[in-house]
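Chemist: Build the 3D model from these lines:
(2 chains)
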Amino acid sequence: MADVDILMPSEAGSSSSSLSRKQHLMNTFESYRSELDTDNERRERLIITSRSITQLSKKLIFHLHRNATSLSPSLKEKCLKEGRGKEREIWKLFNKIRDELDSIGNGGDSEAKEAYWRWNRQVSPGLEEYIEGLSFLYYLEHKSLVPLEEVQRTLSDENGQSLVVVTPEDYILGMSDLTGELMRYATNALSTGDHNTPLEVCDFVRTVKSHFDGIPPHMLYKLSKKQEETTRSLEKIERVCYALRLRLIEFADKPEVLAMMAKRALEDAAEKDERGKDE
Amino acid sequence: MSSRAQTVTETLSSVIELLENDQNLKKQIRESIEPIDDLSRTAITELNKLHSAPFSQHNEICQNSIDIISKTQSLWQDVAKLIPENEFYRYQFALGPTMRNLTTSIVLARFILYDDLTSAHTISKILGLKNDSTEVLQLSSEDYLQGVIGAVNELPRLSINAVTSQNFELPIKISSFVNDIFASYSLLNLRNDALRRKFDSLKYDLKKCEDVVYDLTLRGLTKPRE
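Modeler: Below you'll find the model as predicted:
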């Protein structure tokens, strides 16, 4: 901003009073033009990187869905390993964002930090998708919720410097999206005859939802909308678990029958959900 | 409760606490802006008198409004105290509208006083944003450029009302100023955003101001400026 602070004639000394007001304004606005142009170019670059992050994060999530329900431990391990590889690819893009922001000003840490907040809106869509992907990966690896500090640590460079700042808001919205992925994961697991996963996921999603229910809507408006989606996901999982439990009692000794039954319960739940929307 | 659910509970509780802290700070910042908005409105009320007061009082009205705005200096210090270092842009959504409105009032008042466009630098000084204690705050180019157009938006009305009260010089002064501003903004490569929409309004303002001058010229009410 400082570089365009050319004084207007009435404010400047006598030396410049020979220039007309119009000339002065033109000079000033030429500086504004170059400033706005630089900003616009930077904005474009950040949006492009952020979009790539979104796309790669979606691919990571699809990859996990495709292979994580595999019953063979070695295949599952391979899937998670590949997932980590994909996560590191995205991490490189966050490095690119940091480099972009570092180039502003004279490259000091405080300038980069200020720049981060200035351009946060361009970066955050990709960040949100990444957090969703990372938390899903983490859940599959640890069967647990990735802590905020862990997300921040993953998004740091080799020296422990943050690449971007992860706010509680980013984190909570990401975890809300995670519940949807877990619902899909649970239902996929069911079709391969994995009975534990749906019960575990159900328990987990329920805990997350009940915590988020405690956040007043005015505090995080976006979350209150996402909570509706989470509620639907949870109901679906609960219905599946209900059917699963009954069948488990009935057909404990016939796994192939169980898988069939579970699949039908799943389709049933999906149908009910459709009807629920129509009403 | 299983030990896993326990961990999840702890993780989420601590994050929600952090979220609450963030939101409380936002609330505090919004509240700290309120007394500034009050003064800003008082300044606008003062400037509204320009449309009805005799020309001889214009300078006094404008000086009064600048004096009122200068009173925000200490209040900006209170705002600055709340904002963590380097996080100005995180809270700009709460500060920007106020800064734009103040820019509008200052630009309008100082146009009447000095027949010139006030620079962003001068506005920052009037608001006291250039001190050590307010370093974290800044008048962004975006807010400045939008605020200036806000002042121009006021000028067609002022031009018309000047004619009603038989002040035939002000419309010419206004028209020439709006012309210069329009030419300046035309230099910018604007993208489709709020500033672009504001810029589009300039064209209509310019036409309205020129129409008034045309009406005066037609009736021989303009005399060449010295």
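
Chemist: Residue A:32 and residue B:132: what is the separation?
Modeler: 27 Å (CB to CB, to the nearest Å). The C-beta positions use only the backbone N, C-alpha and C, and glycine is treated the same way.

Chemist: Just give the number of residues close to residue B:208.
Modeler: By other CB atoms under 10 Å in any protein chain shown, 17 other residues sit near residue B:208.

Chemist: pull the longest helix from chain B.
Modeler: The residue-count maximum for a helix in chain B (DSSP state H) belongs to helix B:3-48.

Chemist: I'd like the next helix or strand past it.
Modeler: helix B:58-70 (DSSP states H and E).

Chemist: for that next one, which positions count as buried?
Modeler: B:58, B:61-62, B:64-66, B:68-70 (16 or more other CB atoms under 10 Å in any protein chain shown).

Chemist: for the chain, what are the low-confidence residue spans?
Modeler: Since no chain was named, I'll use chain A. For chain A, applying pLDDT under 70 flags the ranges A:1-18, A:105-108, A:255, A:258-259, A:261-263, A:265-266, A:268-279.

Chemist: you looked at the wrong chain, it should be chain B
Modeler: Ranges of chain B meeting pLDDT under 70: B:1-5, B:224-226.

Chemist: ranges for the strands of the stretch 1-150 of chain A?
Modeler: Read by DSSP state E, counting those that start in this stretch, the stretch 1-150 of chain A holds no strands at all.

Chemist: and stretch A:119-139, how far from the chain's centre?
Modeler: 3 Å (CA atoms, centre = their mean, to the nearest Å).

Chemist: For the stretch 101-250 of chain A, what lies in contact range of chain B?
Modeler: Counting by CB under 8 Å from any CB of the partner chain, the residues of the stretch 101-250 of chain A close to chain B are A:110, A:113-114, A:117-118, A:120, A:143-145, A:147-148, A:167-169, A:171-172, A:175, A:203-204, A:207-208, A:211-212, A:214-215, A:219-220.

Chemist: Turn the buried ones among these into a named ChimeraX selection, would you?
Modeler: Here is the ChimeraX selection string for the buried members of those, based on 16+ other CB under 10 Å:
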select /A:113,114,117,118,120,145,147,148,167,168,169,171,172,175,203,204,207,208,211,212,215,219,220
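
Chemist: Which ones among the residues of the stretch 101-250 of chain A next to chain B map onto helices?
Modeler: A:110, A:113-114, A:117-118, A:120, A:148, A:168-169, A:171-172, A:175, A:203-204, A:207-208, A:211-212.

Chemist: wait, does the longest helix of chain B contact chain A?
Modeler: Yes: for helix B:3-48, a contact with chain A is found by CB under 8 Å from any CB, at B:4-5, B:7-9, B:11-16, B:18-20, B:22-23.

Chemist: which among these gets closest to residue A:47?
Modeler: Distance ranking of those against residue A:47, using CB to CB, places residue B:22 first at 24.9 Å.

Chemist: List the residues that contact that closest one.
Modeler: Counting by CB atoms under 8 Å, 6 or more residues apart in numbering or on different chains, residue B:22 touches A:167-169.

Chemist: if you set the cut-off to 10 Å instead, what comes out?
Modeler: A:167-169, A:219-220, B:90 (CB atoms under 10 Å, 6 or more residues apart in numbering or on different chains).

Chemist: could those go into a markdown table alongside distance to residue B:200?
Modeler: Shown next, in a markdown table, are those (distance: CB to CB, whole Å):
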| residue | distance to residue B:200 |
| --- | --- |
| A:167 | 35 |
| A:168 | 39 |
| A:169 | 34 |
| A:219 | 37 |
| A:220 | 35 |
| B:90 | 30 |
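
Chemist: out of these, who's nearest residue B:146?
Modeler: So of the contacts of residue B:22, ranked by how close each gets to residue B:146 (CB to CB), first place is residue B:90, at 19.8 Å.

Chemist: my guess is that closest one contacts residue B:84, does it?
Modeler: Yes: Residue B:90 lies in contact with residue B:84 (CB atoms under 10 Å); the separation is 8.0 Å.

Chemist: Please identify which of the two sits among more neighbours.
Modeler: Neighbour count, other CB under 10 Å: between residue B:90 and residue B:84, residue B:90 has more, with 21 against 12.

Chemist: Please report the distance of that one from chain A.
Modeler: With distances defined as CB to the nearest CB, to the nearest Å, the gap from residue B:90 to chain A amounts to 4 Å.

Chemist: neighbour-wise, which of residue A:32 and residue B:132 wins?
Modeler: residue A:32 (22 against 7).

Chemist: how far out from the middle of the chain is the longest helix of chain B?
Modeler: With CA atoms, centre = their mean, you get 23 Å for helix B:3-48.

Chemist: related to what we said a few turns ago, give me the buried entries from the residues of helix B:3-48 next to chain A.
Modeler: B:4, B:8-9, B:11-12, B:15-16, B:18-19, B:22-23.

Chemist: give the contact list for residue 138.
Modeler: By default, I'm working from chain A. A:83, A:87, A:144-147, A:150-151, A:154, A:178.

Chemist: wait, I meant chain B there
Modeler: A:1-2, A:114, B:88-89, B:92, B:95, B:99, B:120, B:124, B:129-130, B:144.

Chemist: Shouldn't it be within a strand?
Modeler: No: if the criterion is DSSP: H, G, I helix; E, B strand; the rest coil, then residue B:138 is coil and not within a strand.

Chemist: and the gap between it and residue B:99?
Modeler: In terms of CB to CB, residue B:138 sits 9 Å off from residue B:99.

Chemist: on that earlier part again, angle of the longest helix of chain B against helix B:58-70?
Modeler: Helix B:3-48 and helix B:58-70 are oriented at 160 degrees to each other (axes from the mean of the first three to the mean of the last three CA atoms, to 10 degrees).

Chemist: okay, now the domains of chain A?
Modeler: A:42-160, A:188-279 (automatic domain parsing).

Chemist: which parts of the strand or helix carrying residue B:146 are buried?
Modeler: Residue B:146 belongs to helix B:141-164 when assigned by DSSP H and E. For helix B:141-164, burial by neighbour count (16+ other CB under 10 Å) applies to B:141-156, B:158-163.

Chemist: Packing partners of it?
Modeler: helix A:21-67, helix B:3-48, helix B:92-114, helix B:120-126, helix B:170-185, helix B:194-218 (3 or more CB pairs under 10 Å, 6 or more residues apart in numbering or on different chains; DSSP states H and E).

Chemist: what inclination does that helix have with respect to helix B:92-114?
Modeler: 40 degrees.

Chemist: and residue A:162, backbone torsions?
Modeler: phi -60, psi 140 (degrees, to the nearest 10).

Chemist: quick one on the thing from earlier: in TSV, list the buried ones among the residues of helix B:3-48 next to chain A along with distance to residue A:65.
Modeler: Converted to TSV, those look like this (distance: CB to CB, whole Å):
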residue	distance to residue A:65
B:4	22
B:8	22
B:9	27
B:11	24
B:12	24
B:15	26
B:16	29
B:18	30
B:19	29
B:22	33
B:23	34
